[in-house]
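**Student:** Predicted model and sequence follow; I will ask about them next.
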Amino acid sequence: MNENDKRILCFTLISGIERDLRILISEEIDNEFEKFLPSDVVALAKERYCSCNKEVFKEGTNLIELLEYIDFYDLKKILDKIKTIQSIFTASELNFISESLLELTGCRNRVCHSRALEENDYDDLLNFAKNLVKINSIFKWYNLNHSINNLTEKDTFSIKIPEFWEETKKTIFNNLPSSEFEDTGFLGRAKDRLAINRLLTSNIKVISIVGEGGIGKTALANKCLKDILEICQSNDNSLFDMIIWVSLKTNRLTVTGISNIYNAINSSTGLFENISNVLGSNPTKSMDDLLNEITDYMSTFKNLTLY
């Protein structure tokens, strides 16, 4: 199964889960939406409503109209708020749903923001969906059952992901390149990713990834930076304001052997000029001016630079 087909199947499952959770929430809290919808969830839903309908959400309109624009992680927030008043699930069942939604939020974001999927995304999502429809005999999970039963139908692969799903909560300036593993997904290296991401979110200023050529250092670094980008885009208190990628590779390993990279950076001057270009500086400036400008950026903004 190729990456695009897997993404569509994941979207089909996510859509079924979200539709049923919206139905559940609307039935359980009835006309008390103002009481149980967190303010940050309402604010984001209003933005999506405006983007999709090309009009501002009018004051006084029932907040139930916003449910369609509330997704995975925010539905979890609402479930957490109504856990003591809902009458369908036991405490352990609701905890399972809430924890699973949290664990799968990364998968949901990769699907909806057109990022490279991970090896187990589809399997993890399908297992959760199958467990979900078995969890309770009162709530029928009509949409999710329909999604599961239609995964092999041809029409499923013609589904289009809504545009407002592509939107992120926050824009982080970055120039990260497309991944070499877009078609296959990123495989393995879970322990390495976890270790590097912990270092990236710590107070350590310089991190080195060392190894022989061709073992995947660049791919691993790219994936880790995209992990951090996802965290920054989903968090109001971002770790970084910008993520800058500068490649100092001068050759690459291909099926025919090692080949040189055209216009590769091979000096410290080239490194600083490249960073300056990324930041939009005037290329005619002197090296001293470029260095001063880069220093100003580094002092003003929380930045993560890879080279």
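**Tutor:** Okay, I see it.
**Student:** and the helix or strand bottoming out on mean pLDDT in the chain, which strands flank it?
**Tutor:** The helix or strand of the chain with the lowest confidence, counting by mean pLDDT, DSSP states H and E, is strand 251-254 at a mean of 72. According to DSSP bridges, strand 251-254 has the following sheet partners: strand 257-260 (antiparallel).
**Student:** okay, now the domains of this structure?
**Tutor:** 3-166, 173-306 (automatic domain parsing).
**Student:** can the ones you listed go into CSV with extra columns for mean neighbour count?
**Tutor:** For glycine as for every other residue, the C-beta is placed from the backbone atoms N, C-alpha and C. As requested, those are exported to CSV (neighbours: other Cβ atoms under 10 Å):
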stretch, mean neighbour count
domain 3-166, 16
domain 173-306, 14
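**Student:** looking at those, which has the lowest confidence?
**Tutor:** Comparing mean pLDDT across those, the lowest value falls on domain 173-306: a mean of 79.
**Student:** Show me where the stretch 201-307 of the chain has its helices.
**Tutor:** 217-233, 268-278, 287-300 (DSSP state H, counting those that start in this stretch).
**Student:** and the angle from the shortest one to helix 287-300?
**Tutor:** By that I understand helix 268-278. Interaxial angle, helix 268-278 versus helix 287-300 (axes from the mean of the first three to the mean of the last three Cα atoms, to 10 degrees): 60 degrees.
**Student:** May I have helix 268-278 exported as PDB, CA atoms only?
**Tutor:** These are the backbone C-alpha positions of helix 268-278, laid out as PDB (Å, rounded to 0.1, in the frame of the first residue of the first chain):
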ATOM      1  CA  SER A 268      32.200  28.800   6.700                       C
ATOM      2  CA  THR A 269      31.500  31.800   4.400                       C
ATOM      3  CA  GLY A 270      29.100  29.700   2.400                       C
ATOM      4  CA  LEU A 271      27.400  28.600   5.700                       C
ATOM      5  CA  PHE A 272      26.800  32.100   6.900                       C
ATOM      6  CA  GLU A 273      25.600  33.300   3.500                       C
ATOM      7  CA  ASN A 274      23.200  30.400   3.300                       C
ATOM      8  CA  ILE A 275      21.700  31.200   6.800                       C
ATOM      9  CA  SER A 276      21.500  34.800   5.800                       C
ATOM     10  CA  ASN A 277      19.600  33.900   2.600                       C
ATOM     11  CA  VAL A 278      17.100  31.800   4.600                       C
END
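**Student:** I'd like to know which elements that helix is packed against.
**Tutor:** Under the contact criterion of 3 or more Cβ pairs under 8 Å, 6 or more residues apart in numbering; DSSP states H and E, helix 268-278 touches helix 287-300.
**Student:** same deal with the longest one?
**Tutor:** Counting contacts by 3+ Cβ pairs under 8 Å, 6+ apart, helix 217-233 is packed against helix 105-112, helix 190-200, strand 242-245, strand 303-306.
**Student:** rewinding a little: how about the helices of the stretch 201-307 of the chain, which one is nearest Asn149?
**Tutor:** helix 217-233 (31.2 Å; Cβ to Cβ).
**Student:** thinking in terms of the whole chain, how far from its middle is the least confident helix or strand of the chain?
**Tutor:** 29 Å (Cα atoms, centre = their mean, to the nearest Å).
**Student:** With stretch 51-62 instead?
**Tutor:** Centre to centre, stretch against its chain (Cα atoms, centre = their mean), the figure for stretch 51-62 is 26 Å.
**Student:** can you start the count at 151 instead of 1 from here on
**Tutor:** With the count now opening at 151, the last piece we talked about shows up as stretch 201-212.
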